[in-house]
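A.B. asks: Fold the following and give me the result.
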Amino acid sequence: MRFVLFHPAASARWGWELRSRATDAVYARSNQCFIERADAVASVEAVQGDVPTADAYDEAGLILVPR
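C.D. replies: Residues are numbered from 1 along each chain as shown. Alright, predicted model coming up:
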């Protein structure tokens with residue numbers, strides 16, 4: 001599993017998805033959108049407590065280093 005941040009071009013808001021590493025299937029998606037990227041990252045970090053083996057990646061595919 002991996003978290004992926006996204007920022008759709010049509011939207012000024014950030015969100016995240018929890019995806020399968022093997023198939024890229026989406027298992028979960030943030031239920032709110034965030035104006036600030038940092039708020040989306042904080043949301044990922046909060047959920048990562050429940051999925052500690054899932055890495056997090058930004059919109060460019062680069063791994064996010066935990067704070």
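
A.B. asks: From now on I want contacts and neighbour counts done on CA atoms only, so please keep to that.
C.D. replies: OK.

A.B. asks: how much space between A22 and A46?
C.D. replies: Separation of A22 from A46 (CA to CA, to the nearest Å) stands at 24 Å.

A.B. asks: again with A56
C.D. replies: 12 Å.

A.B. asks: who's more crowded, these two?
C.D. replies: Between A56 and A46, counting by other CA atoms under 10 Å, A56 is the more crowded of the two (23 against 11).

A.B. asks: residues touching the closest residue to the more buried one other than its chain neighbours, list them.
C.D. replies: Leaving aside its sequence neighbours, A56 sits nearest to F3 (CA to CA, 6 or more residues apart in numbering; 4.4 Å). Residues near F3 by CA atoms under 8 Å, 6 or more residues apart in numbering: 16-19, 44, 54-57.

A.B. asks: any idea which of those residues is closest to C33?
C.D. replies: W16 (8.6 Å; CA to CA).

A.B. asks: Could you tell me how many residues sit around the closest residue to Q32 other than its chain neighbours?
C.D. replies: In space, and not counting its chain neighbours, Q32 is closest to G15: 7.1 Å by CA to CA, 6+ apart. Look at G15: counted by other CA under 10 Å, it has 24 neighbours.

A.B. asks: what about the strands in the protein?
C.D. replies: 2-6, 15-19, 26-29, 55-57 (DSSP state E).

A.B. asks: E36: which of the ones you listed is closest?
C.D. replies: strand 15-19 (9.8 Å).

A.B. asks: relative to strand 2-6, how tilted is the closest one?
C.D. replies: 150 degrees (axes from the mean of the first three to the mean of the last three CA atoms, to 10 degrees).
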